[in-house]
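*Asks:* quick one: sequence plus predicted model below, questions after.
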Amino acid sequence: MKFLIFIISVYLLFSYQTERYYIVKVKGGITNVKSGKTLAQGDEINPNDQIKFSDGNAMALVVSDANKKYTLKLPNTANNVGLTASVTNSLIFSKTKRTASRGIITNAAIKDLKEFLGNNQFTVIGNSLEVKLSKQTFENQSIEAKYDLSGKPFNKEIARGDTILKLSRADLGAKSSGEVKLYHVDFYQSDKSRNRVDKITRLDLNFVDENAIKDELKTIIGVYKKKNYTKPDMKAFLMEYFIDFYGNTHEYILSQFIDKIIEENMK
């Protein structure tokens, strides 16, 4: 029995050490100590590689040939002398969140904004997103977003004509390009007829560059095409990747976005 446990342990250890990792996105600077090369999108890294982070905020998003997703960050240990650590010690496994990627994803009007937006983070791909609201639920209602912009209170009505919720960089005072995170955005629902205001949720609202997300997803497709992934399997993984790392989004819009990328890159 002990021998069997030993064999299984050796097998699992060997499997982990031979897992290959691929860089999907990098923030800040991370350098392979041996080669001196700065890690870039699409690079392959090995478990035992020593890497040096430019600072404590540098990080990367990583997928492996074992269909797993990780964040690569400087570990909080006494061994990371000079911002240097091994790849193995720097990986943080990402537990997959639920998506509807294998079911039916519809563009039905939203009835519950708290469920749709969530309470952690919500991400818009591109400059703006328009969300259909249920007229029956939101008739005579207004939706407002409030947060601190450069240290000053900022608020904006974001529901239009009772049936459209618009999340826009321009309307919310965010810069017009690149990745932007608006922290601690409060959403309120006002009933005009009863003069009542209710808080819907608080979350971080992200805007991400459409082309940058395309490049991330194309990088992943390049890794898994070699494993003969079917298009449905690829879509499921890409949906999970986005929601794991970027939080809630409009799943119908994300689904359409990913379908197009798969058709263009999995001929």
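*Replies:* Here it is on my side, so go on.

*Asks:* what separation do you get for Phe257 and His250?
*Replies:* 10 Å (C-beta to C-beta, to the nearest Å). Bear in mind the C-beta positions are built from the backbone N, C-alpha and C, glycine included.

*Asks:* cool, and Tyr70?
*Replies:* 26 Å.

*Asks:* and these two? which has more neighbours close in?
*Replies:* His250 (22 against 19; other C-beta atoms under 10 Å).

*Asks:* OK, contacts around the more buried one?
*Replies:* Going by C-beta atoms under 8 Å, 6 or more residues apart in numbering, His250 touches 116, 129, 131.

*Asks:* just the closest of those to Gly28, please.
*Replies:* The nearest member of these to Gly28, counting by C-beta to C-beta, is Leu129 at 27.7 Å.

*Asks:* may I have the phi/psi pair for the nearest residue to Asp55 once chain neighbours are set aside?
*Replies:* Leaving aside its sequence neighbours, Asp55 sits nearest to Gly28 (C-beta to C-beta, 6 or more residues apart in numbering; 6.4 Å). Dihedral pair for Gly28: phi 80, psi -160, per degrees, to the nearest 10.

*Asks:* surely Gly28 touches Ile51?
*Replies:* No: the criterion here is C-beta atoms under 8 Å, and Gly28 misses it with Ile51 at 11.9 Å.

*Asks:* ok, the two, which is more surrounded?
*Replies:* Remark: of Gly28 and Ile51, Ile51 carries more neighbours, 22 against 13, as counted by other C-beta under 10 Å.

*Asks:* skipping its backbone neighbours, what lies nearest that one in space?
*Replies:* Ile30 (5.5 Å).

*Asks:* cool, and Leu91?
*Replies:* Tyr70 (4.5 Å).

*Asks:* next SSE downstream of the host helix or strand of the one you found?
*Replies:* Per DSSP states H and E, Tyr70 falls inside strand 69-73. Sequence-wise, the next helix or strand downstream of strand 69-73 (DSSP H and E) is strand 84-86.

*Asks:* good, we can wrap up now.
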